[in-house]
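Q: Fold the following and give me the result.
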Amino acid sequence: MALSEKILTLHPQGKKGVNISREKYDTIRSFILKTIKKHKRITYQKLNDLAVEKLTNSFDGSVSWYIVSIKLDLEARKIIERIPKTSPHELRLIEE
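A: Presented below is the predicted three-dimensional model:
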């Protein structure tokens with residue numbers, strides 16, 4: 001069996017990222033981006049709750065852990081951002 005391809009995530013504060021399977025990364029990344037696009041802005045908690053609700057049955061691993069790691073990666077890649085001065089913090093896509 002071939003080893004699944006891995007991706008090393010980035011961290012917005014430059015901390016060490018985590019190595020995760022490309023397949024899981026793509027699944028969670030696409031969920032995060034679709035969800036933020038749909039809501040325009042969303043709290044991290046709501047994003048996480050929706051992910052757990054929608055993905056837990058089909059996803060192998062801790063959905064919440066992957067959401068955190070990949071959310072940070074998307075922030076580091078400047079694809080999404082935390083909206084300043086929101087509490088609890090909200091996320092939005094960064095316009096090209």
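
Q: List phi and psi for residue 80.
A: phi -130, psi 160 (degrees, to the nearest 10).

Q: need the contact list for it.
A: By CB atoms under 8 Å, 6 or more residues apart in numbering, the residues touching residue 80 are 32, 33, 36, 71, 74, 91, 92, 93, 94. C-beta coordinates here come from the backbone N, C-alpha and C atoms, glycine included.

Q: Can you lay out those residues as a markdown table showing neighbour count?
A: Formatted as a markdown table, the contacts of residue 80 follow (neighbours: other CB atoms under 10 Å):
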| residue | neighbour count |
| --- | --- |
| 32 | 25 |
| 33 | 15 |
| 36 | 20 |
| 71 | 23 |
| 74 | 23 |
| 91 | 22 |
| 92 | 16 |
| 93 | 15 |
| 94 | 11 |
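
Q: Can you list the low-confidence ranges for this structure?
A: 1-3, 96 (pLDDT under 70).

Q: Would you map the helices across it?
A: For the chain, the helices defined by DSSP state H cover 22-39, 44-55, 63-76.

Q: follow-up on the earlier one: return the closest of the contacts of residue 80 with respect to residue 65.
A: Closest to residue 65 out of these is residue 71 (10.9 Å), distances taken as CB to CB.

Q: What about residue 86, how many residues nearby?
A: Counted with other CB atoms under 10 Å, residues neighbouring residue 86 total 13.

Q: Next: residue 45.
A: Here the count is done by other CB under 10 Å, and residue 45 has 11 residues near it.
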